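K.L.:
what's the 3D shape of this:
(one chain, ligands or ions: 1)
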Amino acid sequence: MILLTFRDGDDLKLGVKTSRGVVDVAAAQAALGMDDGSVPESMDALIAGGDSARTALADLVARAEAAPAAEDWIRDEPTLTLGPAVPNPGKIICVGLNYRKHAEETGAAIPETPVLFSKFNNTVAAAHEDVPLTDAATQYDYEVELAVVMGKAARNVSRADALGTVFGYATANDLSARDLQTRTSQWILGKTMDKFMPIGPYLVTADDVPDPQTLPLRTWLNGEPRQDSNTDDMIFSVAEIIAYISRHFSLAPGDVIITGTPEGVILGMAEKTWMVPGDAVEVEVEGLGKLTNRMVAG
Ligand code: ZN
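P.N.:
Sure, this is the predicted structure:
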């Protein structure tokens, strides 16, 4: 399933992208007489609800797709204001230097264990949401990344079982202020400024992503191609990352892991022209949707 959230007044509703348009889950289940509480009405409830919630939603979507055309609970996607694909993540864990050619472009050694850091949930932003760049930094950069959203608790999970704990995958942009990132040995200051992790437009369930290590991923800055790689260049695979993290601390449904960026960031260029207000950055992991955000003066 291809899931999204969209704004309806102060609410953030759950939608499912189908061949007929976006199914408004809450409206559809009321119209189809399925409002017995079994179908989750928010992305948070769906992720927390495990297999039974996902099965109930899949049943609803199958009935919605079979319903007569032009139902008012099927929405035209371009008319919707999307929310973040994961509006309320638990932990946000990031992997640094996880693509061979990116490690090389930054002059860093190839890591022998995953390099972990974090962002906080103030970084969450939606597709097409403006991102404020403040005067606290100047070296603003982009990073296309495959985001992994956990669906099951994981503690000491094996590499073989790791992908079975994943709820789904999304495109994310690990926006970074390099001058703050490198001010001290801890990267966090340059990584967790407000709205510095746009995520979406979709959250694609894991059953629709059979192999997360074969996904092309790209970035464009003001339409100019910047990053163009494939998740097959990862040093540590998604399964290895989950197994490694879960050996040291627990992962829970709703936790998000962003798995590193390939080469092509501004940091790796000989001539560094950092992003400024007015710039538009697009990132895409193929099959998960293209995520566009404009930088604005903050
Ligand atoms: Zn990153």
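K.L.:
Neighbouring strands of the helix or strand hosting residue 204 in the sheet, and parallel or not?
P.N.:
Take DSSP states H and E as the rule and residue 204 turns out to sit in strand 203-205. According to DSSP bridges, strand 203-205 has the following sheet partners: strand 2-8 (antiparallel), strand 166-173 (antiparallel).
K.L.:
Just checking the distance from that strand to the centre of its chain.
P.N.:
Distance of strand 203-205 from the chain centroid (CA atoms, centre = their mean, to the nearest Å) equals 9 Å.
K.L.:
With stretch 136-155 instead?
P.N.:
7 Å.
K.L.:
and residue 68, how many residues sit next to it?
P.N.:
5 (other CB atoms under 10 Å). Bear in mind the C-beta positions are built from the backbone N, C-alpha and C, glycine included.
K.L.:
Pull the contacting residues for it.
P.N.:
Applying CB atoms under 8 Å, 6 or more residues apart in numbering to residue 68 gives no contacts.
K.L.:
still on that earlier bit, which one of the strands paired with strand 203-205 is the most hemmed in?
P.N.:
Across the strands paired with strand 203-205, averaging neighbours per residue (mean count of other CB atoms under 10 Å) puts strand 166-173 on top, at a mean of 27.
K.L.:
Give the next helix or strand downstream of it.
P.N.:
strand 176-177.
K.L.:
Check the offset of whatever helix or strand comes next after that next one from the chain's centre.
P.N.:
Once the chain leaves strand 176-177, the next helix or strand it forms, by DSSP H and E, is helix 178-181. Here helix 178-181 is found 22 Å from its chain centre; the criterion is CA atoms, centre = their mean.
K.L.:
List the pairing partners of the helix or strand just after helix 178-181 within its sheet, with orientation.
P.N.:
Sequence-wise, the next helix or strand downstream of helix 178-181 (DSSP H and E) is strand 197-198. Strand 197-198 sits in its sheet next to strand 124-125 (parallel), going by DSSP bridges.
K.L.:
average pLDDT for the strand it pairs with?
P.N.:
Taken as a whole, strand 124-125 has a mean pLDDT of 98.
K.L.:
I'd like the next helix or strand past that strand.
P.N.:
That would be, after strand 124-125 and using DSSP H and E, strand 131-133.
K.L.:
who's in contact with the helix or strand following that following strand?
P.N.:
Moving toward the C-terminus from strand 131-133, the next helix or strand (DSSP H and E) is strand 140-141. Outside strand 140-141, the residues that touch it by CB under 8 Å, 6+ apart are 133, 175-178, 265-267, 274-276, 295.
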